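K.L.:
One predicted model, sequence on top.
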Amino acid sequence: MQDVLTGEILDYFGGRQDLKNRIIRHVDDHTFIEDPLRVLRASQFAARFNFTVDSKTIELSKQLDLTKLPHERIYTELDKALLKSNRPSVFFNTLRDMDQLTYWFPEVQSLIGCPQNPVYHPEGDVYTHTMNVIDNASIVKQKASDSRAFMLAALCHDFGKPATTEFNEKKQTYTSYGHDQAGVEPAQHFIKRVYNHNQLNTYVKTMTFCHMMPHLLNADQSSQTAFMKMANFSNLTQ
């Protein structure tokens, strides 16, 4: 607050210092828990403004029940993280720290600890890979005809890996054959739960199903005709 007569700033909660240090901190334990949406708001603020959430706020956020929130409130905050942030991974990493991926984002949570072939994925597990993908997708999202659909496809593209990943004794490494096709169903479940939007569902389903095809066609030195067929996404997913 500011005294309108003297100009004195009244900062009872150390807000100016927190802004300087880029920290998000709740000011009252009792009022904070009145709205569980604050868990998501804190996470998307952290992603959009390059802040970190105070450890006590994170601990308090673990106690909140998000299951009663309507899906409209969830996707509003998710959209802000995906479309207004340069590093949307911060949104999911913060929710992970808060133990709040379970109900609304179980497909994302299932990526944690899912191993990959280190030759192709030195970054680590599928969760880390997906966070890298959405951060890189964010750099070019404005070039997409539908930025939201594009970012959601980047998020969902490897949802099939937890169900298909296994250790290949012959190759002595992890493989996930068919994860593109296996990812269609969990991607659909995710979009229906959070957005319940048919057009988004179709786009994300299609991109999940097809995301390995450019690489495979290129590796096989396929003809231009094959690439043109790949571009006809609607036929590929029927």
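P.N.:
Structure received.
K.L.:
could you point out which element follows the helix or strand that contains Glu72?
P.N.:
Taking DSSP states H and E as the definition, Glu72 sits inside helix 71-83. Counting by DSSP H and E, the next helix or strand C-terminal to helix 71-83 is helix 89-97.
K.L.:
Beyond that next one, next helix or strand please.
P.N.:
Following helix 89-97 toward the C-terminus (DSSP H and E): helix 106-109.
K.L.:
which strands and helices sit next to that following helix?
P.N.:
helix 184-194 (3 or more C-beta pairs under 8 Å, 6 or more residues apart in numbering; DSSP states H and E). Placement of C-beta: from N, CA and C, glycine included.
K.L.:
any idea of the mean pLDDT in the helix it packs on?
P.N.:
Helix 184-194 shows a mean pLDDT of 97 in the predicted model.
K.L.:
Export only the CA atoms of whichever helix or strand comes after that helix, formatted as CSV.
P.N.:
Counting by DSSP H and E, the next helix or strand C-terminal to helix 184-194 is helix 198-210. Presented in CSV, the C-alpha positions along helix 198-210 are these (Å, rounded to 0.1, in the frame of the first residue of the first chain):
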residue,chain,number,x,y,z
ASN,A,198,-13.1,-32.1,-30.1
GLN,A,199,-11.0,-30.1,-32.5
LEU,A,200,-8.1,-30.0,-30.1
ASN,A,201,-8.5,-33.7,-29.5
THR,A,202,-8.3,-34.5,-33.2
TYR,A,203,-5.2,-32.3,-33.7
VAL,A,204,-3.3,-33.7,-30.7
LYS,A,205,-4.3,-37.3,-31.5
THR,A,206,-3.1,-36.9,-35.1
MET,A,207,0.2,-35.3,-34.2
THR,A,208,0.9,-37.9,-31.5
PHE,A,209,0.2,-40.7,-33.9
CYS,A,210,2.4,-39.1,-36.7
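K.L.:
Show me how far helix 198-210 is from its chain's centre.
P.N.:
16 Å (C-alpha atoms, centre = their mean, to the nearest Å).
K.L.:
what mean pLDDT does that helix have?
P.N.:
92.
K.L.:
Grab the longest helix from the protein for me.
P.N.:
Longest helix in the chain, counting residues (DSSP state H): helix 126-140.
K.L.:
For it, buried residues please.
P.N.:
Using 16 or more other C-beta atoms under 10 Å as the test for burial, helix 126-140 gives 126-131, 133-135, 137-138.
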